[in-house]
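Peer 1: Sequence first, predicted model second:
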Amino acid sequence: MALTFDEYGRPFLILKEETQERVRGVEAQKANIQAARTLANVLKTSLGPRGMDKMMVSPDSEVTVTNDGATILDSMDVENPIAKLIVDLSKSQDDEIGDGTTGVVVLAGSLLEQAEGLLDKGIHGTRIAEGFEKACEIACEHLKSISDTLAVDDTESLRQTARSTLNSKIINKYRDHMANICVDAVLAVADTERKDVNLDLIKIESKPGGRLEETQLVRGIVLDKEISHPQMPKEIKDAKVAILTCPFEPPKPKTKHKVDVDSVEHYQELHAIEQAYFRKQVELCKASGATLIICQWGFDDEANYLLLKNDLPAVRWVGGVEIELLAIATGGRIVPRFEELTEDKLGKAGMVREVSFGTTKDRMMFIEDCSNSKAVTVFIRGGNKMIIEEAKRSIHDAICMVRNLVRDNRIVYGGGSAEISCSIAVEDAADEICSEEQYAVRAFSAALDAVPITLAENSGLNGVVTLSSVRAEQQEQKNPYLGIDCMERGTCDMKKQMVYETLHGKTQQMRLATQVVKMILKIDDVITQGEQQQ
């Protein structure tokens, strides 16, 4: 927009014309498919136990190395709106299931590849989408028929599921140790009656340094804090914990105020009043029977000295989330005013200790053997921050898979066996469909083969040859558990290899991929606002 004047001096506005780029019909559909497939091809090499890792460097030069699909896509600067749908697809899988974020994108990319061939044959995008949806339901029903049920109290099966999840991660060398930690953490907070797990009760803390195998499960809370005074005891047994959200300081009026001190007597009087407040607050804590003070706010040296003098160890500046977890774990009440602090509001912990690490004087508080074990902490050690962040993501995925088993204890077997079996079932069902949707159903069957082919290729095998061999064996032996032997253990039977995946996770993967592909196929007009021209 510009302001100018005519020959008579009258002002008028010149408006800039907006240009638009517009793509319609099959061209638009193919452009959308190409954008989504490009992103899916990036993740293909990260699928499976022998998948490759990706290194992302942020604008701030922060380096992230991972093979987690959701993390890779989240770190990429994606501008294409269709490619953003694929990023959201991976996030949805991560939020709902916690694992399978790479597989869902690979499946979606394969479905779009098959859809492009059908569009070339002249089949309408809507019919393709409907055929895919019909095939997806056939595949999900088939998954239920080949699933096995595990007993939730069978901890070995839960551990094996966690191991299968950790098998494709950087920390797979220590997968047995990590799987035990994940299962113990979930079972500690699981509500078996409601078949639910509150993941907010599982806190993940870390400290760079040490080795990955030093990672441990703390049956309590770990705080990245230290005892407020160096002379206070560093280890407290059978602690009675007072959890305070009120500061150790004199009350402040809410209005603006000013105090004029014009003599020594006035200053000493003011100091005495302040001391009286501190002494009263400390006495109330002592009278309640508390042996440890956890305060959400800070306190100055005066209050710190009085706490030391009264043999009351204290921790200050504890965050609100940690305060809530502490209250749950110790069975204590969060106290907002000193006057309300009584013995029945104190939490109980068998051991509270301050632990120092290495030569850096880094210290953390371990609050263990709490009266209520419904809050636990996974404490991760690692050589550097990058390894620790990847370990956090891996443990989160494994914890989510164990939680899914507590919710729904049905499993299918991995290694591409479920996809191959579903592909055979969907192909057989296609013969009974008379309309042109039959082509879409067959295409869905072919798309499912992309997962085992990619697994084989990432393991250094010939994808097509390996798939053909396993598929023929499945049909010949009527064994739906035969998959790709990625680790070369001598058998293709995933049941014998004990490669477990949750039924809920696998069906969700297929449904999410199908929904996104259906959405992309129904877009036949793309209007892009271009730059304004004068």
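Peer 2: It's in. Note that the coordinates shown come from a computational prediction; the quantities given were computed from them, not determined experimentally.

Peer 1: host element of residue 399?
Peer 2: Assigning secondary structure by DSSP states H and E places residue 399 in helix 385-407.

Peer 1: Following the chain past that helix, name the next helix or strand.
Peer 2: Toward the C-terminal end, the helix or strand that comes next after helix 385-407 (DSSP H and E) is strand 410-413.

Peer 1: Can you get me the centre-to-centre distance for that next one and its chain?
Peer 2: Between the centre of strand 410-413 and the centre of its chain there are 22 Å (CA atoms, centre = their mean, to the nearest Å).

Peer 1: coming back round to it: return the list of helices and strands in contact with the helix holding residue 399.
Peer 2: Using 3 or more CB pairs under 8 Å, 6 or more residues apart in numbering; DSSP states H and E as the contact criterion, the neighbours of helix 385-407 among helices and strands are strand 63-66, helix 155-166, helix 175-189, strand 196-197, strand 202-208, strand 376-382, strand 500-502, helix 503-521. (C-beta placed from N, C-alpha, C; glycine too.)

Peer 1: Helix or strand next in line after the first one, which one?
Peer 2: The first helix or strand that comes after strand 63-66 along the chain, using DSSP H and E, is helix 69-75.

Peer 1: Where does the prediction get shaky in the stretch 1-150 of the chain?
Peer 2: 1-2, 15-21 (pLDDT under 70).

Peer 1: in the stretch 251-400 of the chain, which spans are helices?
Peer 2: With DSSP state H, counting those that start in this stretch as the definition, the stretch 251-400 of the chain shows helices at residue ranges 264-287, 301-309, 320-330, 385-407.

Peer 1: ok, and what's touching the third one?
Peer 2: Taking CB atoms under 8 Å, 6 or more residues apart in numbering as the criterion, the residues outside helix 320-330 that touch it are 201, 203, 220-221, 223, 241, 243, 245, 294, 296, 318, 332-334, 347-349, 367, 370-375.

Peer 1: buried residues in it?
Peer 2: The neighbour-count check on helix 320-330 (16 or more other CB atoms under 10 Å) flags 322-323, 325-330 as buried.

Peer 1: can you redo those residues as CSV with pLDDT and distance to residue 123?
Peer 2: Putting the buried residues of helix 320-330 into CSV (pLDDT from 0 to 100; distance: CB to CB, whole Å) gives the following:
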residue, pLDDT, distance to residue 123
322, 88, 57
323, 90, 60
325, 86, 55
326, 89, 61
327, 89, 60
328, 86, 56
329, 86, 59
330, 88, 64
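
Peer 1: Just give me the closest of those to residue 394.
Peer 2: Checking the buried residues of helix 320-330 against residue 394 by CB to CB gives residue 325 as the nearest, at 22.4 Å.

Peer 1: and the contacts of helix 320-330, which of them are in strands?
Peer 2: The strands in this structure, assigned by DSSP state E, contain 203, 220-221, 223, 241, 243, 294, 334, 347-349, 367, 370 from the contacts of helix 320-330.

Peer 1: Narrow these to just the buried residues.
Peer 2: 203, 220-221, 223, 241, 243, 294, 334, 347-349, 367, 370.

Peer 1: And stretch 254-261, end to end?
Peer 2: One end of stretch 254-261 sits 21 Å from the other (CA to CA, to the nearest Å).

Peer 1: wait, what's in contact with residue 449?
Peer 2: Contacts for residue 449 were tallied using CB under 8 Å, 6+ apart; they are 110, 419-420, 423, 467, 471.

Peer 1: Quick one: low-confidence residue ranges for the protein.
Peer 2: 1-2, 15-21, 359-360, 373, 529-534.

Peer 1: related to what we said a few turns ago, ok, and the most crowded of the contacts of residue 449?
Peer 2: Comparing the contacts of residue 449 on neighbour count, residue 419 comes out first with 30 neighbours (neighbours: other CB atoms under 10 Å).

Peer 1: circling back: among the helices of the stretch 251-400 of the chain, show me which one is buried the most.
Peer 2: Comparing the helices of the stretch 251-400 of the chain on average neighbours per residue, with mean count of other CB atoms under 10 Å, the densest one is helix 385-407 at a mean of 22.

Peer 1: got the angle for that helix vs helix 175-189?
Peer 2: Per axes from the mean of the first three to the mean of the last three CA atoms, to 10 degrees, the angle that helix 385-407 makes with helix 175-189 is 50 degrees.

Peer 1: how far is helix 385-407 from where the chain is centred?
Peer 2: Average the C-alpha atoms of helix 385-407, do the same for its chain, and the two points are 7 Å apart (CA atoms, centre = their mean).

Peer 1: Likewise for stretch 138-153?
Peer 2: Going by CA atoms, centre = their mean, the spacing between the C-alpha centre of stretch 138-153 and its chain's C-alpha centre is 25 Å.

Peer 1: again with stretch 405-420
Peer 2: 20 Å.

Peer 1: how about that stretch as CSV, C-alpha atoms only?
Peer 2: C-alpha atoms of stretch 405-420 as CSV (Å, rounded to 0.1, in the frame of the first residue of the first chain):
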residue,chain,number,x,y,z
LEU,A,405,0.4,-53.7,28.2
VAL,A,406,-1.1,-52.9,31.7
ARG,A,407,-4.0,-51.3,29.9
ASP,A,408,-4.5,-53.9,27.2
ASN,A,409,-2.4,-57.1,27.8
ARG,A,410,-2.7,-58.4,24.2
ILE,A,411,0.4,-58.6,22.0
VAL,A,412,1.4,-59.3,18.5
TYR,A,413,4.9,-60.3,17.3
GLY,A,414,7.4,-58.0,15.7
GLY,A,415,10.0,-58.3,13.0
GLY,A,416,7.4,-57.5,10.4
SER,A,417,5.5,-60.8,11.0
ALA,A,418,2.3,-59.0,11.9
GLU,A,419,2.5,-56.8,8.7
ILE,A,420,3.2,-59.8,6.5
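
Peer 1: what sits against the nearest residue to residue 403 once chain neighbours are set aside?
Peer 2: Among residues not flanking residue 403 along the chain, residue 197 sits closest, at 4.2 Å (CB to CB, 6 or more residues apart in numbering). Residue 197 makes contacts with 186, 189-191, 403, 406-407, as judged by CB under 8 Å, 6+ apart.

Peer 1: repeat that with 6 Å
Peer 2: Residues near residue 197 by CB atoms under 6 Å, 6 or more residues apart in numbering: 186, 190, 403, 406.

Peer 1: who does it bridge with?
Peer 2: Taking DSSP bridges, one obtains residue 190 as the residues bridged to residue 197.

Peer 1: All further residue positions should be reported with the first residue as 42.
Peer 2: All set: I'll call the first residue 42, so the last point we hit is now residue 238.

Peer 1: Starting from residue 460, give me the distance back to residue 542.
Peer 2: Distance of residue 542 to residue 460, given as CB to CB, to the nearest Å: 11 Å.

Peer 1: nope, residue 510 is what I meant
Peer 2: Separation of residue 510 from residue 460 (CB to CB): 15 Å.

Peer 1: Residue 569 too?
Peer 2: 36 Å.

Peer 1: And for residue 64?
Peer 2: On the measure of CB to CB, residue 64 and residue 460 end up 33 Å apart.

Peer 1: How about residue 370?
Peer 2: For residue 370, the distance to residue 460 under the criterion CB to CB works out to 42 Å.

Peer 1: Same question for residue 496.
Peer 2: Distance from residue 496 to residue 460, counting by CB to CB: 9 Å.

Peer 1: what do you get for residue 128?
Peer 2: As for residue 128, its distance to residue 460 is 23 Å (criterion: CB to CB).

Peer 1: residue contacts, residue 535?
Peer 2: Contact criterion CB under 6 Å, 6+ apart gives 454-456, 458, 522, 524 as the residues in contact with residue 535.

Peer 1: again, 8 Å this time
Peer 2: Remark: with contacts taken as CB under 8 Å, 6+ apart, residue 535 is in contact with 454-456, 458, 522-524.

Peer 1: got it, and residue 111?
Peer 2: Contacts of residue 111 were listed using CB under 8 Å, 6+ apart, and they are 131-132, 134-135, 142.
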